[in-house]
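Student: Any chance you can model this:
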Amino acid sequence: MAVRAEVRNEQRKRIAVVGAGIAGLTAAYELQKTGCEVTVLEAKDIPGGRMAEKLEGSFMKYTGATGLFRFYKDMWDLIAELGLSERLMLYPKMGSGIANNTKETYELDFNQTLGMLRHPALSVATRLRLASLIPDFLRARSSVDPCLIHTAAAFDDESMADYLTRKVGTDFLENVVAIVYRNLWAWNVEQASKAYFLMIYPHVRNRPSYTFSTGFGTLTGALAGKLDVRLNTKVEKIGLGDDCEGRSVICQGPQGRYKLDADIVVCGLPGNKVANVVADQTPWEKTFFADVPYAQYAMVAYVLKQKPAQEFDIRTFHTRAHKTPISFIKTFPGSERTGDPPRLWLVLAPDRQRHYLDQDGSNLDRIARHWAKQFYPSLEQDLKDVHEMHKDYIIASFPPGQARKVRSLLSTQEAGPKNIYYVGDYLGNATTGGALAIGRRTARKIVEHWVN
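Tutor: Reported below is the predicted structural model:
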């Protein structure tokens, strides 16, 4: 209570949060609780970033993520604090379904443990070598926060592909790991760090996934409802304030172009957009934001006029051995819930996008439809409408060395008071849980720097 009084009565900080994704909203909420005067600026017409949904025609389109892992500790705490726990429901296991590697079809379950010892797509030698991962799992589990990539920097010395090939075998890499990461994360394992595998995998084994019964934007909507969020407001520039102490934010919104002065800015923009918006960067900012890697999703939902026949009840993953560019295909029967029509869902593999997809994604439907008809021949006559997910459907990626770069940036950011702080999935773990965790952590650092 003493901290609240001090902020309100003596140093009520004006804070501008740029970006109403889960990282920005969480930081804003935590800062507002301490008495700071917080304004959130969001370019889009809905809050939530990659943790939201929007009804388009008959289809409720997710803006990014679709499920929640149980190891999102900070998220679970915030959900409970806001009284939203009863709205959680089980979600189909992420990384589960039927897999096909051109030689065999098998049950895929990225979360299983003992089942790996009987896995039909793994050789006996590979199954035995799985035990070699246990010491690294134990080290990682005891020292790493699965929501914060910088805590895994000690393991950031080679790619996921090199590590698993060396320790276990290519069949485990291709038939179990790569097949999941190319679909859920849009990553190629050659461009993903071993640190990420060791950070996440020990925490997803034998654990369920969740979503909200009231829609995936439940949490972000609840946070936005407690804050001053200005939608349809694009931030053009974040520069030093006139006194060179605070920051000036140049915005273009419904009321026109204006300047918002703030003591502190929390920048929740995607990492690859920061360099074009934040002026007056220091050398440590320029070095990091010159290259923040992201991966591109390419997905299509074909809404159908009627429920697919039973023989089309599929949830199939393809390994990289397949020549098809489609890495995942699933049918949904639909339900009475708003935005849940019967549909066919396809994912274009990240490793095939450059060979098939135009740079702007304008031919996504044409490419996907050609292959979709091989799985669902009556697509044209059953088709109701099409929803593409490409533009802005990106996810932070962590190639070898990136965890160490994040650690370096955060060590500087957290060393003492700043007038700008950065949050986002690229500083967490690429997921909504990681974005929330870094937003919460950074807000508490700001209070520590400027209040205590």
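
Student: Please count neighbours and contacts with C-alpha atoms only from this point.
Tutor: Will do.

Student: So Glu37 versus Asp351, what's the distance?
Tutor: 45 Å (Cα to Cα, to the nearest Å).

Student: neighbour-wise, which of those two wins?
Tutor: Taking other Cα atoms under 10 Å, Glu37 and Asp351 do not tie; Glu37 has more neighbours (20 against 16).

Student: Phi and psi next, for Arg139.
Tutor: Torsion angles at Arg139 (phi, psi; degrees, to the nearest 10) stand at phi -60, psi -50.

Student: Oh, that last question was meant for Glu56, not what I typed.
Tutor: Dihedral angles (degrees, to the nearest 10) for Glu56: phi -120, psi 110.

Student: who are the neighbours in contact with it?
Tutor: Contact partners of Glu56, counting by Cα atoms under 8 Å, 6 or more residues apart in numbering, are Gly339.

Student: what secondary structure does Arg338 sit in?
Tutor: Quick fix: residue 338 reads Thr, not Arg. Judged by DSSP: H, G, I helix; E, B strand; the rest coil, the three-state class of Thr338 is coil.

Student: And for it, the neighbour number?
Tutor: Residues near Thr338, counting by other Cα under 10 Å: 11.

Student: Isn't it up against Met60?
Tutor: Yes - taking contacts as Cα atoms under 8 Å, Thr338 lies within contact range of Met60: 7.3 Å.

Student: Please tell me how far Leu90 sits from Gly401.
Tutor: Leu90 is 35 Å from Gly401, by Cα to Cα.

Student: nope, Phe289 is what I was after
Tutor: 14 Å.

Student: Next: Thr432.
Tutor: With distances taken as Cα to Cα, Thr432 is found 22 Å from Gly401.

Student: More neighbours: those two, which one.
Tutor: Neighbour tally, Thr432 and Gly401, criterion other Cα under 10 Å: the higher count belongs to Thr432, 26 against 18.

Student: what about stretch 263-273, average pLDDT?
Tutor: For stretch 263-273, mean pLDDT rounds to 98.

Student: Identify the residues contacting it?
Tutor: Contact with stretch 263-273 is made by 13-21, 23-24, 27, 245-247, 289-294, 418-426, as judged by Cα under 8 Å, 6+ apart.

Student: what residue ranges in this structure score low on pLDDT?
Tutor: For the chain, applying pLDDT under 70 flags the ranges 1-11, 93-95, 111-114, 205-206, 452.

Student: domains for it, by residue range?
Tutor: Residue ranges for the domains of the chain, per automatic domain parsing: 2-87+215-292+400-450, 109-204, 298-392.

Student: And these: which comes nearest Ser96?
Tutor: In terms of Cα to Cα, the element of these nearest to Ser96 is domain 109-204, at 4.4 Å.

Student: roughly how far is that closest one from the heart of the chain?
Tutor: 19 Å (Cα atoms, centre = their mean, to the nearest Å).

Student: got the end-to-end distance for it?
Tutor: With Cα to Cα as the measure, the ends of domain 109-204 fall 11 Å from one another.

Student: likewise stretch 27-42?
Tutor: 14 Å.

Student: what does that stretch contact?
Tutor: Residues contacting stretch 27-42 (Cα under 8 Å, 6+ apart): 3-5, 7-8, 12-20, 24-25, 223, 226-235, 266, 439-440, 442-444, 447.

Student: Understood, closing this out.
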